[in-house]
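S.K.: take a look and give me a structure for this.
(chains A, B, C and D)
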Protein chains: 2
Amino acid sequence: MKKPTLEMVAAHAGVSRATVSRVVNGTPTVEPTIASRVQRSIDELHYVPNRAARSLASNRAGAVALVVPESTSKVFTDPFFGAVIMGIAGVLDDTDFTLTMIIESEANAEKTHRYLTGGNVDGALVLSHHAGDRSYGSLTDRVPLVYGGRPVVEVPGAVCIDVDNLAAARLAVGHVIGSGRRRIATIAGPQTMRPGVERLEGWRGALADAGLEPGPIAYGDFTTTSGTRAARELLAGGEPFDAIFAANDQMALGAYPVLREAGLQIPGDVAVMGFDDSPFSQTSEPPLTTMNQPMVRLGAEMARKLLAMIDKQHPEPLTMLHASLVERGSV
Amino acid sequence: MKKPTLEMVAAHAGVSRATVSRVVNGTPTVEPTIASRVQRSIDELHYVPNRAARSLASNRAGAVALVVPESTSKVFTDPFFGAVIMGIAGVLDDTDFTLTMIIESEANAEKTHRYLTGGNVDGALVLSHHAGDRSYGSLTDRVPLVYGGRPVVEVPGAVCIDVDNLAAARLAVGHVIGSGRRRIATIAGPQTMRPGVERLEGWRGALADAGLEPGPIAYGDFTTTSGTRAARELLAGGEPFDAIFAANDQMALGAYPVLREAGLQIPGDVAVMGFDDSPFSQTSEPPLTTMNQPMVRLGAEMARKLLAMIDKQHPEPLTMLHASLVERGSV
DNA sequence: TTGTAAGCGTTATCAT
DNA sequence: ATGATAACGCTTACAA
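M.R.: Numbering: from 1, shown residues only, chains lettered A, B, ... in the order given. Modelled structure (predicted):
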């Protein structure tokens, strides 16, 4: 008893291969009597369709790719990554699409390109990345593509799903203002990355809305040490502040020791607001008030959109997810 | 100009399809002249082989699966995960195997099983998991399988690659002893997980080697809060100690505030040793001395072994990787 | 060394 | 509603 083929099932059930194929694919035009007879044969023989054959004949791959630019994948250490995958996997699980991982490095960029256009997948999910992602533009109309986190350069016709960083930052800073702070500094992220830009923008917006003057700005690169450096700059600047809005948790926490050394209490003298709800934020002293991004949901939405596109539908080109405030002890 | 097929390349180069196939697959028995002529045609036409067809004809999938039990995937938030994937991807990148991700939940266990045995992949990498992984035993001789982190229940004939937790724990505790501590407590992990068991065992071993009495033991579940609770138990136990060896960083850091509240200096009064070299360990105050596990390497070795097995070789059934000490400020 | 031709297991197009 | 019968694009004996 080897691997049963469709043909064997057909013989077993006393019907043609075509009919078995119909049953397997849920074609409605099959006499129920026959259908269940075929189904019984399938079960009895433990028949499992052969993916390759099916793909070859139908010209569909039954797979979608998750493309993670290597630069992003350094942020791989990033718990986000796992959450997004879980969201994707959760959705794909109800279909019979398979998830193929592609770590795209400079070295294999062309290989990736060929892979995606080579009919190996029915669509691709591209995880957020920095500038310089010129390459995907041409792909957009060759294969269904969904971006998670909008590329810095808007790709015409691209379908994206992202967390609304600007709104989230406004919400965050609004919360700080609500706590009574008036001179709110920020440790901004790199302005080459969209989140960096938008979170800074949100800070400005919230301040403007409240009729407050913008406080001092220092820039970091999302690392803890850059946060430490930025906090020193802020202090050295001489401009007074009673709160810091950091563009991510790591930079916020990097500021902690600096403030402490300066004899400043958190949140007593200076409130600190983070962003990301990273695991770090829970264990710091005081625990960091921050913004939570719905990453599992992001993954799920990406997958859903891609499936829709593969199904020839035309989903909204841009979906914004909302981050939520996580109150802990630093504001 | 549609997707070029092997046939078109053959026509273009004026040879048979078989020859083109040989060139594509690097069969050595092709006249160099012809080979390069074919290659030129391939390049010119931008020919990319069709995976499905190739797979169907050759009865090979050209893909390996990475199976992550969902239980493990909660540890997904775990940066380890990304590191292992990178290691795997790095190795696979030089081949033309594809990486297929499978998140295995209770719900789709059978689906996974069928997928793996259904000829969809040439082999699978199974990421470490708890007890109760009865299911893979039967797979071991049906499809090449490599475990990362040994399953609690030894699967006969299974090929594993793991970090030597026992040796690492000994090394860690040895370091603590070397720093002059004599009464070393431990916050152990769950004894249902191999790392939990082995790290506790390593602690015992190192103490015994040094002729020291074992200090008090408290158990946690690898979470920060469980570490906090365990530290309280340790303190409440009344048995004095001048060091804590925690089975992971999170638990170690969970103990920090408890020690501090008790007026104990780290490492002055109590040294704290972690395990994992998680990102947390760098940003704590004081930064945590801990053990680093070579996760990228783990992924790479897993992939290498699997490729060897797919290639009909018989790699060592068990490879142990060594963790290394990362000295920071808590010991 | 190269070509011929028979599959590989499905799907899809026509008839029936 | 069901059944023949071509494709689908490639690999692989086997023949030349």
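S.K.: does the helix or strand encompassing A:Ala52 come close to DNA strand C?
M.R.: Per DSSP states H and E, A:Ala52 falls inside helix A:51-58. Yes. Judged by CB under 7 Å from any atom of the strand, helix A:51-58 comes into contact with DNA strand C at A:53-54, A:56-58. (Each C-beta comes from the backbone N, C-alpha and C, glycine too.)
S.K.: filter the residues you listed down to the ones close to chain B.
M.R.: Among the residues of helix A:51-58 next to DNA strand C, the ones lying near chain B by CB under 8 Å from any CB of the partner chain are A:53, A:56.
S.K.: ok, of the residues of helix A:51-58 next to DNA strand C, which come out buried?
M.R.: Burial by neighbour count, 16 or more other CB atoms under 10 Å in any protein chain shown: within the residues of helix A:51-58 next to DNA strand C this picks out A:53-54, A:56.
S.K.: can I get the residues you listed in JSON lines with pLDDT and distance to A:Tyr115?
M.R.: Supplementary listing: those in JSON lines, determined by pLDDT from 0 to 100; distance: CB to CB, whole Å:
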{"residue": "A:Ala53", "pLDDT": "95", "distance to A:Tyr115": "21"}
{"residue": "A:Arg54", "pLDDT": "95", "distance to A:Tyr115": "20"}
{"residue": "A:Leu56", "pLDDT": "95", "distance to A:Tyr115": "17"}
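S.K.: contacts made by the helix or strand harbouring A:His113 with the rest, please.
M.R.: In this structure, A:His113 is located in helix A:109-117 according to DSSP H and E. Around helix A:109-117, the neighbours that count as contacts under CB atoms under 8 Å, 6 or more residues apart in numbering or on different chains are A:65, A:67, A:102, A:104, A:121, A:124, A:135, A:139, A:142-143, B:48, B:98.
S.K.: now a ChimeraX select for only the buried ones of the residues you listed.
M.R.: In ChimeraX, this line selects whichever of those come out buried by 16+ other CB under 10 Å:
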select /A:65,67,102,104,121,124,139,143 /B:48,98
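S.K.: quick one on the thing from earlier: nearest to B:Leu253 among the residues of helix A:51-58 next to DNA strand C?
M.R.: Nearest to B:Leu253 among these is A:Arg54, at 50.3 Å by CB to CB.
S.K.: please report how far that closest one lies from A:Ile34.
M.R.: Distance, A:Arg54 to A:Ile34, using CB to CB, to the nearest Å: 21 Å.
S.K.: confirm A:Pro4 sits in a helix?
M.R.: No. Counting by DSSP: H, G, I helix; E, B strand; the rest coil, A:Pro4 is not found in a helix; it is coil.
S.K.: my guess is it contacts A:Pro49. True?
M.R.: No. The criterion here is CB atoms under 8 Å, and A:Pro4 misses it with A:Pro49 at 10.0 Å.
S.K.: in contact with the nearest residue to A:Leu318 once chain neighbours are set aside, which residues?
M.R.: In this structure, A:Leu318 finds its nearest non-sequential neighbour in A:Cys160, 5.3 Å apart by CB to CB, 6 or more residues apart in numbering or on different chains. Counting by CB under 8 Å, 6+ apart, A:Cys160 makes contact with A:146-151, A:317-319.
S.K.: ditto for A:Thr5
M.R.: By CB under 8 Å, 6+ apart, the contact set of A:Thr5 is A:47, A:50.
S.K.: quick one: pLDDT of it?
M.R.: A:Thr5 carries a pLDDT score of 94 in this model.
S.K.: interface residues of chain A facing DNA strand C?
M.R.: Applying CB under 7 Å from any atom of the strand, we find that chain A lies next to DNA strand C at A:3, A:5-7, A:17-18, A:21, A:24-25, A:47-50, A:53-54, A:56-58.
S.K.: which of those residues come close to DNA strand D?
M.R.: Among these, the residues within reach of DNA strand D (CB under 7 Å from any atom of the strand) are A:17-18, A:53, A:56-57.
S.K.: on the three-state scheme, A:Ile187 is what?
M.R.: Secondary structure state of A:Ile187, per three-state DSSP, is strand.
S.K.: run through the stretch 151-300 of chain A and note the low-pLDDT ranges.
M.R.: Low-confidence segments of the stretch 151-300 of chain A (pLDDT under 70): A:151-155.
S.K.: what residues are up against A:Gln250?
M.R.: Contacts for A:Gln250 (CB under 8 Å, 6+ apart) come out as A:222-224, A:227, A:276, A:278, A:280, B:283.
S.K.: actually A:Ser278, sorry about that
M.R.: So A:Ser278 contacts A:79, A:248-250, A:290 (CB under 8 Å, 6+ apart).
S.K.: quick revisit: buried among the contacts of A:Cys160? Make that a PyMOL selection.
M.R.: What follows is the PyMOL syntax selecting those of the contacts of A:Cys160 that are buried according to 16+ other CB under 10 Å:
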select buried, chain A and resi 146+147+148+149+150+151+319
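S.K.: least confident of the contacts of A:Cys160?
M.R.: Checking pLDDT across the contacts of A:Cys160, the minimum falls on A:Pro151 at 65.
S.K.: residues near the residue in the stretch 201-331 of chain A that DNA strand D sits nearest to, how many?
M.R.: Closest approach between the stretch 201-331 of chain A and DNA strand D, counting by CB to the nearest atom of the strand: A:Ile310, at 18.7 Å. For A:Ile310, the count of nearby residues is 18 (other CB atoms under 10 Å in any protein chain shown).
S.K.: that one touches A:Pro144, doesn't it?
M.R.: Yes. Look at A:Ile310 against A:Pro144 with CB under 8 Å: they come within range, at 5.3 Å.
S.K.: what touches both of the two?
M.R.: A:122-123.
S.K.: show the pLDDT at A:Ser138.
M.R.: According to the prediction, A:Ser138 has pLDDT 69.
S.K.: do A:Val67 as well
M.R.: Here the pLDDT value assigned to A:Val67 is 91.
S.K.: now do the same contact list for it.
M.R.: Taking CB under 8 Å, 6+ apart as the criterion, A:Val67 is in contact with A:102, A:104, A:112, A:116, A:124-127.
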